[in-house]
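S.K.: Okay, predicted coordinates and the sequence, questions at the end:
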Amino acid sequence: MRNFAILIATTVIAGTSMLHAQPTPASATGRWTQSSSGKELVLVPRIKLQPNVGVSYGTSLGGTAGYGSPTRTAIVTEPVLMQVTRSMTLEVEGDGRFVWKIVKRYAEKEGCSMTTTQVKQGRVAEEGGKAHFAIEGGTERFVSSCGREGSSDLARTSEQYAVQLGGGRLVLQSGATRWTFFRS
């Protein structure tokens, strides 16, 4: 019950702050594009040998030396720094509605590449030099050149970025992440 009360309070506070936010400036409306290539963290499944103590995450594939082995093999998902080619389009309407399409390509394993496409939809508002993206839905799809593919729906969430707008450029920054979009 306490967690539910916290969730309600958080939702009310978030809703109130979005009510006070200003719609996107007219100069931000339109279609923006970004493309880059560089090192990014990518979540990758890995097979790891782990000590067999206590309960831990992962799928047990059996001990490495039979029952009672001091080690076990597990599949874990971990972030790995990889070379990623990214392209994005951000379309912003006058009322603050947006569609943000993100396409990333990287090497899945030797001889295979992975392409993920994420489409976010919702509303964006500006307040105090920050862009607040209220993501109301969307999809994420992956396709491997080695034959794997899948898709899922995106959950409702929000993202916040420091924003700079001018000279045909839109810069969004959050922590170490900095994307420069150009009007197209």
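M.R.: On my side now, so go ahead. None of these values were measured; they are calculated from a predicted model.

S.K.: would you list every one of the helices in the protein?
M.R.: Using DSSP state H, the helices of the chain run over 2-20.

S.K.: Any idea which helix or strand in it has the lowest mean pLDDT?
M.R.: Using mean pLDDT, DSSP states H and E, the weakest-scoring helix or strand in the chain turns out to be helix 2-20, at a mean of 39.

S.K.: who touches Arg183 in this structure?
M.R.: Gly30, Arg31, Trp32, Gly168, Arg169, Leu170 (Cβ atoms under 8 Å, 6 or more residues apart in numbering). Yep, even glycine has a C-beta here, placed from its N, CA and C like the rest.

S.K.: let's see it at 10 Å
M.R.: Arg183 is in contact with Ser27, Ala28, Gly30, Arg31, Trp32, Thr33, Gly167, Gly168, Arg169, Leu170, counting by Cβ atoms under 10 Å, 6 or more residues apart in numbering.

S.K.: Please pick the buried ones from those.
M.R.: Buried residues within the contacts of Arg183, counting neighbours by 16 or more other Cβ atoms under 10 Å: Ala28, Trp32, Leu170.

S.K.: residue contacts, the most centrally placed residue in the chain?
M.R.: Nearest to the geometric centre of the chain sits Gln118, at 8.1 Å (Cα atoms, centre = their mean). Shown in contact with Gln118 (Cβ under 10 Å, 6+ apart): Met88, Trp100, Lys101, Ile102, Val103, Lys104, Gly138, Thr139, Glu140, Arg141, Phe142, Leu154.

S.K.: let's see 6 Å
M.R.: The contact partners of Gln118, by Cβ atoms under 6 Å, 6 or more residues apart in numbering, come to Ile102, Glu140.

S.K.: Please name the bridge partners of it.
M.R.: Legend: beta-bridge partners of Gln118 under DSSP bridges are Ile102, Glu140.

S.K.: Could you check how far Gly122 is from Ser152?
M.R.: Distance, Gly122 to Ser152, using Cβ to Cβ, to the nearest Å: 17 Å.

S.K.: sorry, that was for Gln160
M.R.: 23 Å.

S.K.: for Arg86, same thing?
M.R.: 20 Å.

S.K.: Please enumerate the strands of the chain.
M.R.: 22-23, 30-51, 59-63, 71-92, 97-109, 112-127, 130-144, 149-153, 157-166, 169-174, 177-183 (DSSP state E).
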